[in-house]
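K.L.:
Please work out how this folds:
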Amino acid sequence: MKVYRYWMDTGVDLRVRGGADAYLRGCPSRDVLDMIGSKWTVLIVPALREGPLRFGELRRRLDGITQKSLTQTLRTLERDGLITRTQYPTIPPRVEYALTDLGLRAVALLAGVRDWAEANLADVLAARAAHDARADS
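P.N.:
Down below sits the predicted model:
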């Protein structure tokens, strides 16, 4: 068993972490971090916090997202179990996206990342400007 072998080789027992250690190159949790770290995931998941939204509603809420990026991100979130896609048998077809229990557990984390970015934007921009000024000297 891979987890047990890692424990034997290093003394780190990953069984207490459910077998995951994102610091390891081959750990599948890195794929989850890629998905969670996507700017569109950080915006889509909290946008669904209040309830289901249709594709067009999400696209209007996420100013600047392309149809392709929204479609790809929604497919990824559905595959990873954070959202559900419900298609209603109407004409024209109506599709809604909603958070699953797993998605609801991610809302606070992802909204926190967005809140931090908004609250610290001025400091980040000042740091960038100072860095760029030093680099140009």
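K.L.:
contacts, neighbours, all on C-alpha from now
P.N.:
Noted.
K.L.:
so what does the helix or strand residue 97 falls within touch, helix or strand wise?
P.N.:
Assessed by DSSP states H and E, residue 97 sits inside strand 94-99. Under the contact criterion of 3 or more CA pairs under 8 Å, 6 or more residues apart in numbering; DSSP states H and E, strand 94-99 touches strand 53-54, helix 55-61, strand 83-88.
K.L.:
In the helix or strand following that strand, which residues are buried?
P.N.:
Next in sequence after strand 94-99, counting helices and strands by DSSP H and E, comes helix 101-119. Residues of helix 101-119 classed as buried under the neighbour-count rule (16 or more other CA atoms under 10 Å) are 103-104, 106-107, 110-111, 113-114.
K.L.:
With distance to residue 60 and pLDDT as extra columns, can I get the residues you listed in JSON lines?
P.N.:
Putting these into JSON lines (distance: CA to CA, whole Å; pLDDT from 0 to 100) gives the following:
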{"residue": "103", "distance to residue 60": "21", "pLDDT": "98"}
{"residue": "104", "distance to residue 60": "22", "pLDDT": "97"}
{"residue": "106", "distance to residue 60": "22", "pLDDT": "97"}
{"residue": "107", "distance to residue 60": "20", "pLDDT": "97"}
{"residue": "110", "distance to residue 60": "19", "pLDDT": "96"}
{"residue": "111", "distance to residue 60": "18", "pLDDT": "95"}
{"residue": "113", "distance to residue 60": "21", "pLDDT": "95"}
{"residue": "114", "distance to residue 60": "18", "pLDDT": "95"}
